[in-house]
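# Generate a structure from the sequence data that follows.
(one chain, ligands or ions: 1)
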Amino acid sequence: MSTASKDQNEQTGQRAMWSSRMAFILAATGSAVGLGNIWKFPYITGENGGGAFVLVYLLCIAVIGIPIMMAEVMIGRSGRKSPISAMRILATRAGRSANWQWVGWMVIASAFIILSFYSVIAGWALSYIGYAASGTFAGASAETIGGIFSSLLADPATLLLWHSLFMLLTIVVVARGVRGGLERAVTLLMPALFVLLLVMVGYAVAAGDFARGFAFLFRPDFSKLTTSAVLTAMGHAFFTLSLGMGAMMAYGSYLPEKVSIAKTAIIVSIMDTVVALLAGLAIFPIVFANGIEASSGPGLVFQSLPLAFGQMPGGALFGTLFFILLVFAAWSSSISLLEPLVEWLEEHRGIDRKIAAIGGGVSIWLLGLVSVFSFNIWSDVKPLSMFKMFEGKTMFDLLDYLTANIMLPLGGLLAALFVGWALSSKSVREALEMEDNMQFKVWYTLVRYVTPVAVLIVFIYNLG
Ligand code: PFF
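Reported below is the predicted structural model:
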């Protein structure tokens, strides 16, 4: 019997389960903490002017992110199936239309698209392990390091190689199933990443322009806050917490009863936020001390941190470790992007988990080629430039924009409407295993009113 099917048979007689509350917290944190925290958060903060953006982002995490994470985990646990089937089962059980399953389709489509470019970026991190280990950064200037980054992007074959390797890593873990693969990996890696980030912050305090970096992150200047920045902040809250993509639903479907969904969601969100802020504190002091443009885009982390590694004692070692851990963080996220699709193929089409993981993974890999080429041979292809809001965006930019800023908030909005309006409050409360107390009422109000209204307002503003 394969590891995966053995997994399936443990505990429940048929379904795989996380072995403990801790295992779920680690897996969900593994999903949440990834490139979004260390690569994306710093660069979009840089592009959107700093403090005020960070404040909106934190607000979105608290008011929208945590309630929706609870809703999604609950949907998964109550349905005990992939997002598509779980939505259908819960809807029909509540006497609602089976069409709610389309929300499941949409979140799986989002995960499909996101993983296609996520893997390409994770490929950058993979290639940086080699640069760091071979001492390429030692004593290098900002220009040299910028040059390394641009020549990497200009070379489709190399990007393709790393993208392929990363997809392979993702497929292998998902093929092995919940316990055999996922659980073991995250237990060790997440704490190690945390410690290494602290080391980087230490370096930034010692050698960077810490005061300026700190002020940039935490002193809000609302004159720099545009409506599109608010949309980006909200979209990123979804992205970084792995919401609107079925990941938390799929992971919730393996969550044992009697584990508090509220507590775990709060813990996971706090850890995710701390990692993002630490990444910001490690990066911006170096950015400012070295005259790098804070708004220089997706290359920010790949240009600022190598500078620090090139100058600090033991930099080759720390740099190598750092990029290894970055890859691991991305890895524990990418598996949660592939899992919902594989779970569905397995349960619905009766496809063997291994085959499902390979089939799903290869299709996503193919779509990833679009992102690979966006940085070089297709860098001039900007298909939607006739619209003001998409001006100058490459295919990679568009995929990122479409998912993070539109599909994820929409998926989250629909999950909130489903839980807040389509299901009865009693069934929801029981599924969350909560008392009818203040906490429940606060959460319920957020999900029913605050979240949908907030997402809609941000949407309408941006369309208008
Ligand atoms: N939350 C991950 C990150 O911040 O890097 C990315 C991600 C993983 C998004 C899984 C969505 C998801 F389902």
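# can you tell me the average pLDDT over stretch 87-103?
In this model, stretch 87-103 has a mean pLDDT of 95.
# Pull out the buried residues from that stretch.
For stretch 87-103, the neighbour count (16 or more other C-beta atoms under 10 Å) marks 87-91, 96, 100-101, 103 as buried. C-beta: built from backbone N, CA, C; applies to glycine.
# and the end-to-end length of it?
With C-alpha to C-alpha, to the nearest Å as the measure, stretch 87-103 spans 7 Å from end to end.
# What lies in contact with it?
Stretch 87-103 is contacted by residues 75, 78-79, 81, 83-85, 104, 411, 414-415, 418, 422-424, 427 when judged by C-beta atoms under 8 Å, 6 or more residues apart in numbering.
# go again using 6 Å as the cut-off
Residues from elsewhere that reach stretch 87-103 (C-beta atoms under 6 Å, 6 or more residues apart in numbering): 78-79, 84, 104, 414, 418, 422-423.
# and what of stretch 142-161?
Stretch 142-161 is contacted from outside by 290, 299, 302-303, 306-307, 372, 375-376, using C-beta under 6 Å, 6+ apart.
# Please say whether there is contact between the host helix or strand of residue 201 and the ligand.
Per DSSP states H and E: residue 201 is located in helix 184-207. No. Helix 184-207 stays clear of the ligand (C-beta under 6 Å from any ligand atom), getting no nearer than 12.1 Å.
# What are the buried residues along that helix?
185-186, 189-190, 193, 196-197, 200-201, 203-204, 207.
# how about the following helix or strand past it: buried residues?
Beyond helix 184-207 on the C-terminal side, the first helix or strand identified by DSSP H and E is helix 210-218. For helix 210-218, the neighbour count (16+ other C-beta under 10 Å) marks 210, 213-214, 216-217 as buried.
# quick one on the thing from earlier: reformat the contacts of stretch 142-161 as TSV; add distance to the ligand.
As requested, the contacts of stretch 142-161 are exported to TSV (distance: C-beta to the nearest ligand atom, whole Å):
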residue	distance to the ligand
290	25
299	17
302	15
303	19
306	20
307	23
372	19
375	19
376	24
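# Widest-spaced pair of the residues you listed?
Spanning the widest gap among those are 290 and 372, at 28.8 Å by C-beta to C-beta.
# Comparing these two, which residue is more hemmed in?
Set residue 290 next to residue 372 and count neighbours by other C-beta atoms under 10 Å: residue 372 wins out with 28 against 18.
# host element of that one?
helix 353-374.
# For that helix, list the C-alpha coordinates in CSV.
Below are the C-alpha coordinates for helix 353-374, written out as CSV (Å, rounded to 0.1, in the frame of the first residue of the first chain):
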residue,chain,number,x,y,z
ARG,A,353,-2.9,10.3,-5.6
LYS,A,354,0.5,9.9,-7.3
ILE,A,355,-0.9,10.2,-10.8
ALA,A,356,-3.1,13.2,-9.7
ALA,A,357,-0.1,15.0,-8.3
ILE,A,358,2.0,14.4,-11.4
GLY,A,359,-0.9,15.3,-13.8
GLY,A,360,-1.8,18.5,-11.9
GLY,A,361,1.8,19.5,-11.3
VAL,A,362,2.8,19.1,-15.0
SER,A,363,-0.2,21.2,-16.1
ILE,A,364,0.7,23.9,-13.7
TRP,A,365,4.3,23.7,-14.8
LEU,A,366,3.2,24.3,-18.4
LEU,A,367,1.3,27.5,-17.5
GLY,A,368,4.4,28.5,-15.6
LEU,A,369,6.2,28.9,-18.9
VAL,A,370,4.2,32.1,-19.5
SER,A,371,5.8,33.6,-16.4
VAL,A,372,9.3,32.3,-17.3
PHE,A,373,9.1,34.0,-20.7
SER,A,374,7.5,37.2,-19.3
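# List the contacts of the next helix or strand after that helix.
Following helix 353-374 in sequence order, the next helix or strand is helix 395-400 (DSSP H and E). Residues outside helix 395-400 that contact it (C-beta under 6 Å, 6+ apart): 113, 117, 370-371, 374.
# could you redo the last one with a cut-off of 8 Å?
Residues outside helix 395-400 that contact it (C-beta under 8 Å, 6+ apart): 113, 116-117, 120, 370-371, 373-375, 378, 381, 383-384, 390.
# Now neighbour count and distance to residue 69 too, for the residues you listed, in JSON lines please.
Formatted as JSON lines, those follow (neighbours: other C-beta atoms under 10 Å; distance: C-beta to C-beta, whole Å):
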{"residue": "113", "neighbour count": "21", "distance to residue 69": "21"}
{"residue": "116", "neighbour count": "25", "distance to residue 69": "24"}
{"residue": "117", "neighbour count": "24", "distance to residue 69": "23"}
{"residue": "120", "neighbour count": "25", "distance to residue 69": "26"}
{"residue": "370", "neighbour count": "19", "distance to residue 69": "30"}
{"residue": "371", "neighbour count": "25", "distance to residue 69": "27"}
{"residue": "373", "neighbour count": "19", "distance to residue 69": "34"}
{"residue": "374", "neighbour count": "26", "distance to residue 69": "31"}
{"residue": "375", "neighbour count": "21", "distance to residue 69": "32"}
{"residue": "378", "neighbour count": "18", "distance to residue 69": "35"}
{"residue": "381", "neighbour count": "13", "distance to residue 69": "36"}
{"residue": "383", "neighbour count": "11", "distance to residue 69": "34"}
{"residue": "384", "neighbour count": "15", "distance to residue 69": "31"}
{"residue": "390", "neighbour count": "15", "distance to residue 69": "30"}
